[in-house]
Every structure is written in C-alpha cells, then in structure tokens.
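S.K.: sharing a model that was predicted from the sequence below.
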Amino acid sequence: MLMEPATEVRKQWSAFCDSVIHEKPKFIKRTRDKMWFSNLETMSEILSAYRFTADRYVEDDGTITLSLNEIDLVENGNNESEARLALGKSILEYSVDYYNDYEMYSNSPNRKGHIPYIFKALIIDDSQKIGEGILCLDGKN
C-alpha cells in the first residue's frame, strides 16, 4: 500500500494536513500501526452508502412509533415528524456516547456493526437532519 512513514509525516505535519484536506486521503504507518487520514467531506461521501431506516407503526392512540433497524433505538411521537425528530436526537446521543466510550462499544460484538452509522451521525451533527434522513417503511403490527 501507499504508506507514508509516521516520522516523515510528523516532520511535515502542516503540509501533510493541507495535502489531506485539499488533495486526497493518506495512509500512514507507525511501527505496526496503520492509519488512514481524510477530510470529513471524503468520509461523508464514503458513508453516504449507509442509510438510517426505520419501521413505522401507527399505535392504537394514533401516535407514531419508529423502530430503527440499524441500531436498537425506538421513539414515539404524536406524528411522524415528532417521532423522526426524537429518533434523530436518540441517534445523535447514542453516537456521542459510543464515541466517548469507543473502546468498549467497538469491541462489543453486537455493537461493532454500528460504527459506520455512528460516524455518519457524528459528521451530520444535527438531530433534525438525521431524523429527516431516516427512510421510514410501514412495519407490521
């Protein structure tokens, strides 16, 4: 692979950062560690293939419940818009918690698959936009 040695990157850190931001992502090798650096726009483009989807349920009282498929989160609202906003907030809160305790969450077999969705939510960093972007499909009551 096109690995740059960490010692060279460290010597030219500012130029390296400019190159990553304005040109292309870079690969770095430090002893046995391998890293990939990119700007957020590139990461956002990579993560665009990952979509939040939810099953939508109309409750007996007329409220709407959304059950997220990618992460075990469920929210209810008076209407779909309220439920989307609540679910967007829950996704962002969970993503922040996951990131803050990344070592534990990312090593849990049942949560490791959440990683792309966590970074997608953290990059969007707006619960309303996250909620608006959820693809809702009718669930089976």
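M.R.: In hand now; what should we look at? Numbers count the residues shown, from 1 in each chain.
S.K.: average pLDDT for the longest helix seen in the chain, rounded please.
M.R.: Criterion DSSP state H: the longest helix present in the chain is helix 80-100. Across helix 80-100, pLDDT averages out at 98.
S.K.: for stretch 46-57, what is the distance to the chain centroid?
M.R.: On the basis of C-alpha atoms, centre = their mean, to the nearest Å, stretch 46-57 is displaced by 11 Å from the centre of the chain it belongs to.
S.K.: would you mark the buried spots in that stretch?
M.R.: Leu47, Phe52, Ala54, Arg56, Tyr57 (16 or more other C-beta atoms under 10 Å). Placement of C-beta: from N, CA and C, glycine included.
S.K.: what about it, how long is it end to end?
M.R.: 31 Å (C-alpha to C-alpha, to the nearest Å).
S.K.: looking at it, Arg30 is touching Glu8, isn't it?
M.R.: No: applying C-beta atoms under 8 Å as the test, Arg30 and Glu8 come out as separate, 10.8 Å apart.
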